[in-house]
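Engineer: Build me a model:
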Amino acid sequence: MPINLENGLQAETISSTMPMPTMATRSMLKPPTTNGVYKPHSKSQTFTTNNGPQMADPSVVPSTLGHYLARRLVQIGISDIFSVPGDSNLILLDYFVAEKGLNLVGCCSELNAGYAADGYARRRGVGACAVTFTVGGLSLINAIAGAYSEDLPVVCIVGGPNSNEYGKSNKKILHHTIGLPDFSQELQCFRNVTCYQAVINNLKDAQWEIDCAISKCLEESKPVYISIACNLAAIPHPSFSVQQLIPLSISPKQSNQMSLEMAVEKAAQLLNGAVKPVLVGGKKLRVAKAQAAFVELANTCDYAVAVTPSAKGMFPENHPHFMGTYWGVLSTAFCGETVEIADASIFVGAIFDELETVGFSLSYKKNKAIIVETDHVVFPNGPRFGPILMKDFLWALAKRVKPNSTAYENYRRIYIPESSPATSEPGEALRVNVLFKHIQKMLTNDMTVISEAGDSWFHTQKLRLPQSCGYEMQIVYASIGWSLGATLGYAQASSSSNDRVVLCIGDGSFQMAPQDLSTMLRLGQRNIIFLINNGGYTIEVEIHDGPYNVIKNWDYSALVDAMHNHNGNCWTTKVQTEEELVKAIEIATRDHNDCLCFIEVIVHRDDTSKELLEFGNKLAEMNSRPPEPL
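Structural biologist: Below you'll find the predicted structure:
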């Protein structure tokens, strides 16, 4: 029977008489359809000529490595793979192009290809990218490190050297290397940011290695690395049978029932004995596939509910007991106070890193907090129970807790809505808080907000998301420029033509990796991009100012026009007043609803949120601590 997954895919185990890889069971993920029925892709095979792969009768031509890998990607739900060509991956890319159901998206840089795979995995549940050996792989690795930090399953495919170049006796120096006969540097680097690495330089192990890598990617929800020797992609082998693919089936992880019962009993006693307990959700809800269980617990317990900043969008913000974002002193109005005076709390999937804790300064009562992680539960003062799956614990706890709305009632008593920014005078320079006031009005349930690192973080956290409106950020790795490539991938992963991504990005971040806005145009995406032009790296200014935080100002809207180059569907504008902004949003959401809209927003260099000022001061304090005495 199919198992519904929260990322919109399905897992299904298929029996087979063919030999399985020795790794435990694996899961075959299939792309959804509008009517919920899966239709398998064509099994037509390819063979390679001087003109690239050609379609052939599968009963005559054995399957090749390139075709096998392409079929596997389609099978797990990938319909777009982000790539940059290089001499060692060209034949492999031919097979991706030839595969029905797989769209090869050429990107302008390996970095953005990785960011796009990151965004795609957030929306689709798994992503993929393909680059060339070392010079491409090391350009990609920064994006993959970010995906690793976010628990995103991304298949990183690298076209490697010719299989004849492997071996201890080989002393040749190859191009795209650092000039040493040992060209394992790329592999050594990827070992730190992937959960599995496969170097395929022979055919007899290729099928097993591909399946192991993809299975690990799905099982661990982390990136994996697959290097394929450039001369192997077009060669057939019996293990790449044209018959039904060997099933990938991941053994479902299971909770220890005794531990689960003991943990639920202990948690129920602690929570039911509290006066004003609260519930806080974190970003691990996604990797644990526990969002539905978290909502069920919230519905049952009636506690006041908050999310950590990176979990925004993972809980419905129209829920009757939702307070907002718990971010210490940066929390949304009165949310932080309610969490920190609670006499019991349950943190589900929260990550207590430096940025989410504002320099490790959260003041919730740690001796009254239950911490629920993906596979275990930790109680105050140390007792730890596991292995317990997060969703199993939440479903079971929902049946044991008594409703208690005291904390939320207290929150409502002290809550004072934040005042709306004053309406600007005619011709007055636009303020950032006025910009986000109008973004709030613009949001609909078929939009997703993607926030770049910087002041956009703090403004977007205060947005009240409509039902089913998504939200994405990258906070632990916080790679400046991540959001543009991620927007490309996220929008490409959408299955609905009505969906629209809203990107909020500063000018400094945009200058890091702007090239693949042209890829968005080529793909006909309908994203709305707000480029906040304040002349530099404002988040760095508030941590420590200096001349290095000032950047060369570009004519950003003109740059996008140049990328458009009268080929595609694009509308750009530049706004400097509230009146111009209101008109621009109206045009973007009505007259130009069918195209990419780029709105350059001119604001003052020192126009920042109060949260950024507090954040900058706290990080400056953390960074300037003196070394411990010797």
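
Engineer: drop to CA atoms for contacts and neighbour counts, all remaining ones
Structural biologist: Noted.

Engineer: Nearest spatial neighbour of Pro466, chain-adjacent residues omitted?
Structural biologist: Asn445 (5.3 Å; C-alpha to C-alpha, 6 or more residues apart in numbering).

Engineer: Tell me the secondary structure at the one you found.
Structural biologist: What DSSP: H, G, I helix; E, B strand; the rest coil gives for Asn445 is coil.

Engineer: Count the neighbours of the closest residue in space to Leu596 that isn't next to it in sequence for me.
Structural biologist: Once flanking residues are discounted, Leu596 sits nearest to Arg526: 4.2 Å by C-alpha to C-alpha, 6+ apart. Residues near Arg526, counting by other C-alpha atoms under 10 Å, number 25.

Engineer: now do Ala584
Structural biologist: There are 21 residues near Ala584, going by other C-alpha under 10 Å.

Engineer: quick revisit: ok, now which ones touch the residue nearest to Pro466?
Structural biologist: Contacts for Asn445 (C-alpha atoms under 8 Å, 6 or more residues apart in numbering) come out as Leu465, Pro466, Gln467, Ser468, Cys469.

Engineer: roughly how far apart are the nearest residue to the third one once chain neighbours are set aside and Val476?
Structural biologist: Counting by C-alpha to C-alpha, 6+ apart, the nearest residue to Gln467 once its immediate chain neighbours are dropped is Asn445, at 5.5 Å. Using C-alpha to C-alpha, to the nearest Å, one obtains 27 Å as the distance from Asn445 to Val476.

Engineer: Could you do Ser259 as well?
Structural biologist: Remark: distance between Ser259 and Val476 (C-alpha to C-alpha) = 31 Å.

Engineer: Over to Leu362?
Structural biologist: 16 Å.

Engineer: Let me know the secondary structure of the residue nearest to Ile341 when sequence neighbours are not counted.
Structural biologist: Nearest residue to Ile341, sequence neighbours excluded (C-alpha to C-alpha, 6+ apart): Tyr364, at 7.1 Å. The local conformation at Tyr364, judged by three-state DSSP, is coil.

Engineer: what sits against Tyr364?
Structural biologist: Going by C-alpha under 8 Å, 6+ apart, the list of residues near Tyr364 reads Val339, Glu340, Ile341, Ala342.

Engineer: Put the alpha carbons of stretch 297-317 into CSV.
Structural biologist: Extracted in CSV, the C-alpha atoms of stretch 297-317 (Å, rounded to 0.1, in the frame of the first residue of the first chain):
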residue,chain,number,x,y,z
LEU,A,297,-1.0,18.0,19.2
ALA,A,298,-1.7,21.7,19.0
ASN,A,299,-5.4,21.1,18.2
THR,A,300,-5.6,18.8,21.2
CYS,A,301,-3.7,20.6,23.9
ASP,A,302,-4.9,24.2,23.3
TYR,A,303,-1.4,25.5,24.3
ALA,A,304,-0.1,28.7,23.0
VAL,A,305,1.9,27.8,19.9
ALA,A,306,5.1,29.4,18.5
VAL,A,307,7.7,28.5,15.9
THR,A,308,11.4,29.2,15.7
PRO,A,309,12.4,31.4,12.9
SER,A,310,13.5,28.7,10.5
ALA,A,311,10.3,26.8,11.1
LYS,A,312,8.1,29.7,9.9
GLY,A,313,5.6,28.3,7.4
MET,A,314,5.6,24.8,8.8
PHE,A,315,2.6,25.5,11.1
PRO,A,316,-0.6,27.2,9.9
GLU,A,317,-0.5,30.8,11.0
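
Engineer: distance between that stretch and the chain's centre?
Structural biologist: How far stretch 297-317 lies from its chain's middle: 19 Å, per C-alpha atoms, centre = their mean, to the nearest Å.

Engineer: Now do the buried residues in it.
Structural biologist: Across stretch 297-317, burial judged by 16 or more other C-alpha atoms under 10 Å covers 297-298, 300-317.

Engineer: Among those residues, which are located in helices?
Structural biologist: Under the assignment DSSP state H, those contribute Leu297, Ala298, Thr300, Cys301 to helices.

Engineer: can you pull the pLDDT of the third one?
Structural biologist: Spelled out, it's Thr300. For Thr300, the model assigns a pLDDT of 97.

Engineer: Now the phi/psi pair for the residue positioned nearest the centre of the chain, please.
Structural biologist: Geometric centre of the chain, nearest residue: Arg122, 4.0 Å, by C-alpha atoms, centre = their mean. The phi and psi values for Arg122, taken as degrees, to the nearest 10, are phi -60, psi -40.

Engineer: Go ahead and confirm it touches Tyr490.
Structural biologist: Yes. Counting by C-alpha atoms under 8 Å, Arg122 touches Tyr490, with 6.9 Å between them.

Engineer: and Lys437, what element?
Structural biologist: Using DSSP states H and E, Lys437 maps to helix 432-442.

Engineer: Buried residues, that helix. List them.
Structural biologist: Val432, Asn433, Val434, Leu435, Phe436, Ile439, Gln440.

Engineer: For the helix or strand following it, which outside residues touch it?
Structural biologist: As assigned by DSSP H and E, the chain's next helix or strand after helix 432-442 is strand 447-451. With C-alpha under 8 Å, 6+ apart as the contact definition, strand 447-451 has outside contacts at 457, 460, 469-473, 483, 487, 499-505.

Engineer: what is the mean pLDDT for the next helix or strand along the chain from strand 447-451?
Structural biologist: From strand 447-451 onward toward the C-terminus, using DSSP H and E, the following helix or strand is helix 455-461. The average of the pLDDT scores along helix 455-461 is 95.
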